[in-house]
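Just the structure for this:
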Amino acid sequence: MAVLIAGALLGVLGRPGPVPALVLSPSSGPPGTLVTLSGDAGAACPSPNGSTAVDFEPAGGTKAAAFSEMAVPVASNGLWSTAFAVPGYLGSSVSGDQGLAVGPGVYQFVGHLCEGAGYQRASFRVTRAHFTAKAPTYVGIAPTPDGEGYWLVDSTGNVEAFGDARTYGSLTAMDVRPPAPVVGIARTADGNGYWLADEEGHIYSFGDAGLYGSGLAKLPGRQPITGLAATPDGKGLWLLGVGGHVYPFGDARASGVPAGAPTTYDGIAARPAGGYVVSSATGRGTYAFPGGQPLAGSLSVALTASLVGTAATPSGNGAWAAGAEGSVFPSGDATFYGSLPDDDITPDVPVTGIASTPDGRGYWLVGRDGTVFSFGDAHFFGMAYDGAP
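Numbering: from 1, shown residues only. Model prediction:
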């Protein structure tokens, strides 16, 4: 794919001469597009601890409406690069609690050089909002209780079973079109059912999954939903809002929301002993609840792509966060079992989810096209990939 150069040469505060242009590829696409970005900070970011940050925001917009990719490392020669999955929502500080939906139009990537030394820009055109029924996106993976199978779900609510997983139904099989894209899947404790949730907070039950409520229309400060997790006994659910708000259903209890600077959250996982972990999509930490403390190692992540999902360890004292380009970041007592970049694999489309094996000695990644990648003791049972990105 040809590399496209966009953006004007911009001056750097305190440094004479122009900054080399920000380079991106591709320069257009829908939310979920994996964009490769690179830049040259020159002498603006001193080695060895230099880093830059990348914002994705409306063209001519304000930084308050940005989706931020933090702490991208800069090499000793001043070069930096990252992979960025175009988000479906930006920060919520401009549009209240709803979040700012990314719709068709012109946006911009802004590379902020070290410590206010300057910035670089490049334009990106979003071609459509979210994913349509004609272009389903696989958004989640859930393992069976024994780890010998898993379910995949796409944004239309289609569920596919592999290994010893059984199919208990799907929205597409029922000819039901959800009012908003489905964002994930969570199984019941015995594996004889599962739930789906969409961005508006509607919950869909299959098999022995109980219905404990659905929809967020009557809840104050509602946010678009980016993930879901089931309580250990399977009698409740948590839905995760894009701004970090957690909505409980059934016997689930909300134990708090992450504190600190506004960011976007895209991963939630249940802790076996109770509570949950949530991860920032921009690398600002994985937080364990109750307590709300960041897991060790989760705040020192130098991202090469935005984070897209979270899986908890059996103890609940650790977690893995997955990046859109297939990186895996362990924190707490989680062990690293490999990643796509470590295996020199570049996925054709972004990774969208992660799930761990029951014993915590492996994990699966799922891509937007239904490809599945296995690490550690996670076995491969098949994938939904049909050759169409």
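
quick one: contacts of stretch 253-266?
With CB atoms under 8 Å, 6 or more residues apart in numbering as the test, stretch 253-266 has contacts from 67-68, 87, 89-93, 226-227, 238, 240-248, 275-276, 278-282, 284-285, 287, 289-292, 306-309. All C-beta atoms are positioned from the backbone trio N, CA, C, and that covers glycine.

Ok, stretch 198-207 next?
Residues outside stretch 198-207 that contact it (CB under 8 Å, 6+ apart): 88, 130, 157, 159, 166, 168-171, 176, 178-183, 188, 192-197, 211-217, 219, 222, 224-226, 228, 237, 239, 247, 249.

Please list the members of those residues that lie in strands.
Among the contacts of stretch 198-207, the ones falling in strands (DSSP state E) are 159, 182-183, 193-197, 225-226, 228, 237, 239, 247, 249.

Among those, which one sits closest to residue 353?
Checking the ones in strands among the contacts of stretch 198-207 against residue 353 by CB to CB gives residue 183 as the nearest, at 9.6 Å.

so who does that closest one touch?
139, 140, 155, 197, 198, 199, 225, 226, 227, 228.

Try it again at 7 Å.
139, 197, 198, 199, 225, 226, 227 (CB atoms under 7 Å, 6 or more residues apart in numbering).

same deal with residue 211?
Neighbours of residue 211 in contact, by CB under 7 Å, 6+ apart: 203, 205.

how close does it sit to residue 236?
11 Å (CB to CB, to the nearest Å).

same thing with residue 181?
The gap separating residue 181 from residue 236 is 23 Å, by CB to CB.

Mind splitting the protein into its structural domains?
Annotated domains of the chain cover 4-126, 138-376 [automatic domain parsing].

Tabulate those domains (a markdown table), appending mean pLDDT.
Listed next are the domains of the chain as a markdown table, based on pLDDT from 0 to 100:
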| stretch | mean pLDDT |
| --- | --- |
| domain 4-126 | 70 |
| domain 138-376 | 91 |
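
Most tightly packed of those?
Of those, the one with the most neighbours on average (mean count of other CB atoms under 10 Å) is domain 138-376, at a mean of 21.

show me the contacts for the most centrally placed residue in the chain.
Geometric centre of the chain, nearest residue: residue 308, 1.7 Å, by CA atoms, centre = their mean. Going by CB under 7 Å, 6+ apart, residue 308 touches 85, 266, 322, 323, 324, 350, 351, 352, 353.

for those, which one is nearest residue 334?
Among those, residue 322 lies closest to residue 334 (CB to CB), at 11.8 Å.

partner strands of the helix or strand containing the closest one, parallel or antiparallel?
Assigning secondary structure by DSSP states H and E places residue 322 in strand 318-323. Applying DSSP bridges to the sheet, strand 318-323 is found paired with strand 307-312 (antiparallel), strand 328-332 (antiparallel).

quick one: which of those is nearest residue 360?
strand 307-312 (8.5 Å).

thinking residue 142 is in contact with residue 151, fair?
Yes - using CB atoms under 7 Å, residue 142 is in contact with residue 151, at 5.0 Å.

Kindly provide the distance from residue 381 to residue 152.
Applying CB to CB, the value for residue 381 to residue 152 is 10 Å.

I meant to write residue 198 there.
In terms of CB to CB, residue 198 sits 16 Å off from residue 152.

before we move on, what about residue 266?
For residue 266 relative to residue 152 (CB to CB), the value is 18 Å.

ditto for residue 278
Look at residue 278 and residue 152: by CB to CB, they are 22 Å apart.

do the same with residue 187
According to CB to CB, residue 187 and residue 152 sit 12 Å apart.

for residue 365, same thing?
Separation of residue 365 from residue 152 (CB to CB): 12 Å.

ditto for residue 81
Look at residue 81 and residue 152: by CB to CB, they are 30 Å apart.

Kindly report the same for residue 325.
Per CB to CB, residue 325 is found 20 Å from residue 152.

Same question for residue 228.
Counting by CB to CB - residue 228 and residue 152 are separated by 15 Å.

Check residue 331 too.
Per CB to CB, residue 331 is found 25 Å from residue 152.

Equivalent analysis for residue 328, please.
Residue 328 sits 19 Å away from residue 152, going by CB to CB.

same thing with residue 170?
Using CB to CB, one gets 10 Å for the distance from residue 170 to residue 152.

hey, what's in contact with both of the two?
The contact sets of residue 170 and residue 152 do not overlap (CB under 7 Å, 6+ apart).

so where do the helices sit in the stretch 201-350 of the chain?
Assigned helices in the stretch 201-350 of the chain: none (criterion: DSSP state H, counting those that start in this stretch).

first to last residue in stretch 45-52, what's the distance?
One end of stretch 45-52 to the other measures 8 Å (CA to CA, to the nearest Å).

which residue packs closest to residue 280, ignoring adjacent ones?
residue 263 (4.7 Å; CB to CB, 6 or more residues apart in numbering).

next one: residue 357
Excluding the flanking residues, the one nearest residue 357 by CB to CB, 6+ apart is residue 147, at 4.5 Å.

that older thread, identify whichever of the strands paired with strand 318-323 lies nearest to residue 103.
Judged by CB to CB, the one of these that comes nearest to residue 103 is strand 307-312, at 20.4 Å.

just how off-centre is that closest one within its chain?
7 Å (CA atoms, centre = their mean, to the nearest Å).

ok so, going back, what's the separation between the residue nearest to the centre of the chain and residue 41?
In this view, residue 308 and residue 41 are 26 Å apart by CB to CB.

again, but for residue 147
Using CB to CB, we find residue 147 at a distance of 44 Å from residue 41.

what do you get for residue 77?
9 Å.

try residue 253
Counting by CB to CB, the separation of residue 253 from residue 41 is 46 Å.

List the beta-bridge partners for the closest residue to residue 110 other than its chain neighbours.
Sequence neighbours aside, residue 55 is the residue nearest to residue 110 in space, at 4.4 Å (criterion: CB to CB, 6+ apart). With DSSP bridges as the criterion, residue 55 is bridged to residue 68, residue 110.
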